[in-house]
Every structure is written in structure tokens, then in C-alpha cells.
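Enquirer: sequence and computational prediction follow.
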Amino acid sequence: MCSAPGKVIISGEHSVVYGKHALVTAINLRCYSQVNKADRIKIISELGETGLNFEVHPYVSWAIKLFEERIKRKITPEVRIKSQIPIASGLGSSAAVTVSTLAALSLEYGMDFGRDEIFEIAREVELRVQGRASGVDPFVSTFGGAWLMPEREKFSFNARLLIVDSGESSITSEMVAKVAMLKERYPEIVDGILDVMDRITIEIKKALETGNDTAVASLFSINQCMLKAIGVSTRKIDRIISMLERSGIAAKITGAGGGGSILGFVPRRIKEPELEHKWLEVSPEYEGVRCEHGG
Ligand code: MEV
């Protein structure tokens, strides 16, 4: 059995697809994959039970296919997925299922792939399924920890982050395509917004490192305005964010948007957030993909 963590993007979703900075951390929710040799391919998850199926299980199916190409032979694994990361929530469940499955395939078929190799294949899976993608999600899921991307520079911070589920699905490929269309239509405007997002990411990193809660909170709000400007917020998300702000918590979309999760920054002066919505506190996870031998 192998597992890999989900992630939150603290700043830089979408702009990172165009080479701008992003701050991202793995979180303490994991996806578990168990692979056993069998006589035909079977994929079992909360999405259902299928064979190789690029509609229902696109990430696992591509992981199996690209793993076969890499080892140059056909395989017929049974793959069982159990995940703590909600699907289509902007929390990196697709990358985590890909990474944990590749590690479990490598373990079961005696390939002994290292993290670099797992990341390389997971990145290819992401591109096959989503088309355009930055590679941030599979990177963080493979290696764990908190990073400034695209430099791959580690950073550490001490902040309380909470997640609120918008109850709407976030489909990364659709949202990335939507931003690409807007950028094609209004290149100068959208490029300007992406540059602002880049600057915000750098400033959030500084503010987190120096423990400047007021600055983090205002930068979160500006960031959310930019995400709204490129069309990835929704009315429901806007409402939840206003509600969080009334309780003193600055918040923004995390991940591709269009639904999914909202990331809230809890300043130190708030000891216990009192919110109308259900929320979950997440903490950074320093361990990336791992396997429990014999498990
Ligand atoms: C998805 O978690 C983040 C996006 O920036 C897409 C990507 O980086 O590939 C929206």
C-alpha cells in the first residue's frame, strides 16, 4: 500500500500555469492505493469499479498505461483506492491518486522507482488528462513539504489555514481552459492580472515568513479579487468568503476554482474560529509519497 498527500495552493493558482510564482504546501490528507497482481485490470474507488476506463478513472487508467510503457510490458493489476481527499475540491486529489498508484505499481511489480521517476510519470499523466497544467500538484504530492514554485525552493511558515468546501465541483481542465480563452480574447488585460498575481505570491511569502498577519489577510483578499476577475469564482464562493471575512478570516479560492475549496487564513488573534459553515483545519505535511511494505 502506498499513499501520497493532497495540497493547497496558498497563492498562484492559474498564474503558475503561465510560469508565474506559486506558493503551495502538501497537507495532512492522503490518498491510499493498494495494487495487487491479478488476471485482469480492475480499478476500485468511491467512483465505482471499472477496468481500464479513461472516463470514470482517467488518472489511474493513464497511470497504468504510462507505467506499462515505461516498463515495456503489459500488466493486469487490481488497484484499490481509498482517499481522505475530497474529489474535485481543489485539494490535489487527482495528483495524489496518480502518485500513490504509480508508487504502488512500482512496488508490486518490483520496479523500485524513485521519487523523481514517479513525479516524471505523474506529470505526464496530468498532461494527458488535463492538457495544459503546471505540474505543481504532482510535484508537491510526490515530494511533500511547502514550496515556492517554479523555482522548487522550500519554504516554511507557521500559519493556521482552514478549508471550507463550497459544495460545488472544481474541474481543473475546464477552469484552465476558461482562463486560456479569456487570455486569448484579452491578452494584455489577462497578462496584467497574471503579473499582479505573481507579485501577490511574492508578497504573501514575505508576509508569512515575517508573521505579518495583517499583510497576509489583505493579500489574500486582493488575490481573491484577481481570481474573480479571471472568472474562476462563483456566487456561492463569493458568499462564503464574505461570511468568513465577517468572522475576521481572509479567504480565497484554492486550486482551480469554479467550485471546490476555499482557503481561509486564521490570524493569531482569533483563537477558535466561529463560523456558520463546516470547516476543517489543515496543516502542512512534510512527507510526500510513501509505501508501507507488506501492507
Ligand atoms: C490546480 O490545482 C492549479 C492550477 O493552477 C492548474 C495547474 O497548476 O496545473 C489551476
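Expert: Alright, I've got the coordinates. Numbers count the residues shown, from 1 in each chain.
Enquirer: hmm, residue 244 is touching residue 276, no?
Expert: No: in this structure residue 244 lies outside contact range of residue 276 using C-beta atoms under 8 Å: 9.5 Å. For every residue, glycine as well, the C-beta is placed using N, CA and C.
Enquirer: the more surrounded of these two?
Expert: Taking other C-beta atoms under 10 Å, residue 244 and residue 276 do not tie; residue 244 has more neighbours (26 against 11).
Enquirer: how about the residues of the chain near the ligand?
Expert: Counting by C-beta under 6 Å from any ligand atom, the chain comes close to the ligand at 9, 13-14, 16-17, 90, 133-134, 136-137, 172, 176, 255-256.
Enquirer: try 8 Å
Expert: Proximity of the chain to the ligand, by C-beta under 8 Å from any ligand atom, involves residues 7, 9, 12-17, 22, 90, 92, 95, 126, 130, 132-137, 172, 175-176, 179, 232, 254-257.
Enquirer: in helices only, show me the residues you listed.
Expert: 95, 126, 130, 136-137, 172, 175-176, 179 (DSSP state H).
Enquirer: please report which of the residues you listed has the highest neighbour count.
Expert: Neighbour tally across those (other C-beta under 10 Å): the maximum, 31 neighbours, falls on residue 95.
Enquirer: quick one: residues contacting that residue.
Expert: By C-beta atoms under 8 Å, 6 or more residues apart in numbering, residue 95 lies in contact with 4, 6-7, 122, 126, 137-138, 140-141.
Enquirer: pretty sure residue 264 is in a strand, no?
Expert: Yes: in this structure, residue 264 lies within a strand as judged by DSSP: H, G, I helix; E, B strand; the rest coil.
Enquirer: partner residues bridging it?
Expert: residue 162, residue 251 (DSSP bridges).
Enquirer: let the chain start at 16 from now.
Expert: Okay, residue one is now 16; in that scheme the one you just asked about reads as residue 279.
Enquirer: what sits against it?
Expert: Contacts of residue 279 (C-beta under 8 Å, 6+ apart): 176-179, 259, 264-266, 288, 294.
Enquirer: I'd like the distance between it and residue 243.
Expert: 16 Å (C-beta to C-beta, to the nearest Å).
Enquirer: go on, residue 120?
Expert: In terms of C-beta to C-beta, residue 120 sits 40 Å off from residue 243.
Enquirer: more neighbours: which of those two?
Expert: Set residue 120 next to residue 243 and count neighbours by other C-beta under 10 Å: residue 120 wins out with 27 against 17.
Enquirer: wait, what's in contact with that one?
Expert: Counting by C-beta under 8 Å, 6+ apart, the residues that residue 120 touches are 50, 78-79, 82, 90, 92, 94, 126.
Enquirer: can you tell me which of those residues is closest to residue 200?
Expert: For those, the residue nearest residue 200 by C-beta to C-beta is residue 78; the value is 34.8 Å.
Enquirer: that closest one - how many residues pack around it?
Expert: The tally of other residues near residue 78 (other C-beta under 10 Å) stands at 30.
Enquirer: point me to the helix or strand that includes it.
Expert: Assigned by DSSP states H and E, residue 78 falls within helix 73-86.
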